[in-house]
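**Student:** Show me the folded form of this:
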Amino acid sequence: MHIIDPADKYNLVKGAYTDMVNRLKAGTNTTALNLFFGHARDTYEDVFNKLGTDLPTIANQLGTVESISFSKSSAEVVMSRTENGTKQIFMIYLMRGEDGIWRIESL
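**Tutor:** This is a model prediction of the structure:
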C-alpha cells in the first residue's frame with residue numbers, strides 16, 4: 001500500500017498551478033500549455049494568443065490561492081483577488097493524468 005501525505009499532494013497541485021502562472025508571466029505560452037490536458041490546450045492556446053503581449057501582465061493579476069481540495073485524481077483550487085475593493089473568487093480544476101502528473105483541466 002502506498003500512502004500519500006496530504007501536504008505533499010497539496011504542494012503538487014499548487015505547484016502545477018504556480019508553474020503555469022510563472023510560465024505565463026515569463027511569456028512562455030507554449031510551455032505553459034504543456035501543463036494543460038490535451039483537450040484543453042487548444043482552447044487555452046487560442047485565449048493566450050488573443051491576449052498576446054498582455055498575457056504576462058494578466059498572469060500577475062490572477063490572485064492568490066485560498067484553498068485546495070482534492071481527491072485521488074482531481075483537485076479544485078479556489079483563487080481570490082480583489083478588484084475595485086471587491087473580493088472575487090474563482091476556481092481552477094486539475095486532474096491527475098494516467099502518468100501521475102497533475103494538469104489543468106479548466107480555469
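
**Student:** CA atoms for contacts and neighbours, from now on please.
**Tutor:** Will do.

**Student:** mind checking which helix or strand residue 40 is in?
**Tutor:** In the assignment (DSSP states H and E), residue 40 maps to helix 38-51.

**Student:** What lies in contact with that helix?
**Tutor:** With C-alpha atoms under 8 Å, 6 or more residues apart in numbering as the test, helix 38-51 has contacts from 29, 30, 33, 34, 55, 105, 106.

**Student:** Tell me, how many residues neighbour the closest residue to the fourth one other than its chain neighbours?
**Tutor:** Leaving out its chain neighbours, the residue that sits closest to residue 34 by C-alpha to C-alpha, 6 or more residues apart in numbering is residue 41, at 7.8 Å. Using other C-alpha atoms under 10 Å, the number of residues around residue 41 comes to 19.

**Student:** Kindly provide the distance from residue 41 to residue 67.
**Tutor:** As for residue 41, its distance to residue 67 is 25 Å (criterion: C-alpha to C-alpha, to the nearest Å).

**Student:** same deal with residue 61?
**Tutor:** Using C-alpha to C-alpha, residue 61 is found at 17 Å from residue 67.

**Student:** now do residue 20
**Tutor:** From residue 20 across to residue 67, the span is 17 Å (C-alpha to C-alpha).

**Student:** between these two, who's got more neighbours?
**Tutor:** Taking other C-alpha under 10 Å, residue 20 and residue 67 do not tie; residue 20 has more neighbours (23 against 13).

**Student:** quick one: the more buried one and residue 28 touch, right?
**Tutor:** No - in this structure residue 20 lies outside contact range of residue 28 using C-alpha atoms under 8 Å: 9.5 Å.

**Student:** Sort out which residues of stretch 9-27 are buried, please.
**Tutor:** 9, 10, 13, 14, 16, 17, 20, 21, 23, 24, 25, 27 (16 or more other C-alpha atoms under 10 Å).

**Student:** Can you tell me how far the first one is from residue 54?
**Tutor:** Pointing back at residue 9 there. Counting by C-alpha to C-alpha, the separation of residue 9 from residue 54 is 32 Å.
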